[in-house]
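Student: starting from these lines, generate the structure:
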Amino acid sequence: MSTTVAELGPARYTWGGDEFLFVEIAEAMSLAANFKVMSLARALTDAALEGVVDICPANASLLIRFNPDLLGPEELQLRVRELEARLGDAEQARLETRIIEIPVWYQDPYTAEVAERFREGYHQEPGGSDLDYAAKVNGLADAAEFIRRHHEQPWMASMVGFVAGLPFLFQLVEQEKQLQVPKYLSPRTDTPELTLGHGGCFSCIYSVRGAGGYQMFGVVAAPIFDPAQRLADFADFMVFFRPGDLVKFRPVDEAEYRRIKDEVADGTFRYRQAPVTFDLTAALADPEGYNREILEALNGH
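Tutor: Here you go, the predicted structure:
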């Protein structure tokens, strides 16, 4: 997490056919690289270039789709390079975002049942649980210690994609404290809706039921994708997460999980969240101290 924007150097530009420009900020994910991606995506959006069809930010890169009949490829690359140069020192930048509390039932029976169907030939250690394996490869005492480490410190949504509304989440801790767990040896054909998954250094929440290869740690209690936009948190858009969102996982037991499900069913559930200004310089200088500061926003301090 200590990589600085200045150490990243200029982005690498490559073409994807006639309609796509790929801008690689860095080969490896870091908070600074992701912050630069989001800053460049915002600058390009604000520039409103005629011919730009879509801007897709990812963990350490962004993909730009354009109409070559309206915007020539050389001109597009020139304009994007100019925007990149004008970003200046992104460590001084701030991101207006929000911090969201996500209730999760760790060690739930739903992911456990699915995991039991995908052990031999799929998992590194078929005889144990995904959380047991995650604790072992991180040198932790047991699943309980892993769960504590997982929910103690906040995460940032570095990108949203793969399936509709699925957030990739990067924990805001120093690199040596990152929780890293390999994906399954072979992908499953089934993953419960709202599974809390983990692969590499990323956590994610599976917005819909389907295939998946991340380790399964639990289930989130409330939806993150609502095509009907029934709930108030989805009034503006059917997808809940946005790149740059900050997430604090909160463990819940079965009783609270089912109470939240009832609130979702009757349309009264609201995510607990608060606006925050994320300061990259402060986050890089003192991750744990800054995390305590931003978590206070959830308590109204």
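Student: tell me which residues touch residue 222, please.
Tutor: 102-103, 194, 260, 264, 269, 271 (CB atoms under 8 Å, 6 or more residues apart in numbering). No exception for glycine: its C-beta is placed from N, CA and C like everyone else's.
Student: now with 6 Å?
Tutor: Contacts for residue 222 were tallied using CB atoms under 6 Å, 6 or more residues apart in numbering; they are 260, 264, 269.
Student: next: residue 83.
Tutor: With CB under 6 Å, 6+ apart, residue 83 has these contacts: 43-44.
Student: let's see it at 8 Å
Tutor: 40, 43-44, 47.
Student: most neighbours among these, which one?
Tutor: Sorting these by how many neighbours each has (other CB atoms under 10 Å) puts residue 40 first, at 24 neighbours.
Student: what helix or strand is that one on?
Tutor: helix 31-47 (DSSP states H and E).
Student: quick one: the closest residue in space to residue 293 that isn't next to it in sequence from residue 40, how far?
Tutor: Spatially, and ignoring its direct neighbours in sequence, residue 293 is nearest to residue 282 (7.7 Å; CB to CB, 6 or more residues apart in numbering). Taking CB to CB, to the nearest Å as the measure, residue 282 falls 21 Å from residue 40.
Student: ditto for residue 98
Tutor: 21 Å.
Student: which of the contacts of residue 83 lies closest to residue 133?
Tutor: Ranked by distance to residue 133 (CB to CB), these are led by residue 40 at 37.2 Å.
Student: one step back: verify the stated contact: the residue nearest to residue 293 with residue 290.
Tutor: Yes: with contact defined as CB atoms under 8 Å, residue 282 reaches residue 290; the gap is 4.7 Å.
Student: out of the two, which sits in the busier spot?
Tutor: In this view residue 282 and residue 290 are compared by other CB under 10 Å, and residue 290 has more residues nearby, 19 against 15.
Student: wait, is the more buried one part of a strand?
Tutor: No: Residue 290 is assigned helix when assessed by DSSP: H, G, I helix; E, B strand; the rest coil, not a strand.
Student: that one and residue 279 touch, don't they?
Tutor: Yes: using CB under 8 Å, residue 290 is in contact with residue 279, at 7.4 Å.
Student: by contact count, what packs against the helix holding residue 40?
Tutor: Here helix 31-47 touches strand 52-57, strand 61-66, helix 73-86, strand 155-160, helix 280-285, going by 3 or more CB pairs under 8 Å, 6 or more residues apart in numbering; DSSP states H and E.
Student: apply 10 Å and report the result again.
Tutor: Helix 31-47 is packed against strand 20-24, strand 52-57, strand 61-66, helix 73-86, strand 94-106, strand 155-160, strand 167-171, helix 280-285, with contacts defined by 3 or more CB pairs under 10 Å, 6 or more residues apart in numbering; DSSP states H and E.
Student: in the longest one, what's buried?
Tutor: When burial is assessed from 16 or more other CB atoms under 10 Å, helix 73-86 yields the following buried residues: 76, 80, 83-84.
Student: same question for stretch 180-197.
Tutor: For stretch 180-197, by 16+ other CB under 10 Å, it's 181, 183-184, 188, 191-197.
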